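Asker: only the shape, not the letters, is given here:
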């Protein structure tokens, strides 16, 4: 977690190029992602992180923040349901996790310790997604 630097800075500052404001015809999701890029990292909430991760925006900056939440509360209900932030994180491409093998290992350990009832309460197919993440050997490097 030592990599969590610049929490007072925004994604527009840290992840160039700076995004222009969303167009007037943009969807609500696109407008929200553009807005989130203007919020200091330290002020992003779990729902914000879930949105950014699901849209694969600035993963090197938001993934460590999400893991920080998930290590304490893996089944966190960020916005839609318990475990939604966890599922967003485990579905991130392996290339993003390659930057953080230590965090992937820690998250894997948390997932393996989840009670069976937790996985059962997730949407259909989620238990398989968690199992795939745990089994991904390329994350162990």
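Answerer: That came through fine. None of the values given here were measured: they were computed from a predicted structure.
Asker: any idea how far the residue lying closest to residue 30 once chain neighbours are set aside is from residue 102?
Answerer: Residue nearest to residue 30 in three dimensions, not counting chain neighbours: residue 22, with 5.2 Å by C-beta to C-beta, 6 or more residues apart in numbering. In this view, the C-beta of every residue, glycine as well, is placed from N, C-alpha and C. Distance of residue 22 to residue 102, computed by C-beta to C-beta, to the nearest Å: 35 Å.
Asker: who has more neighbours out of these two?
Answerer: Remark: of residue 22 and residue 102, residue 22 carries more neighbours, 16 against 12, as counted by other C-beta atoms under 10 Å.
Asker: what helix or strand is that one located in?
Answerer: Following DSSP states H and E, there is no helix or strand that holds residue 22.
Asker: got the contact list for it?
Answerer: Neighbour list for residue 22: 30-31, 33-35 [criterion: C-beta atoms under 8 Å, 6 or more residues apart in numbering].
Asker: tell me where this protein has strands.
Answerer: For the chain, no strands turn up when DSSP state E is the criterion.
Asker: alright, I will stop here.
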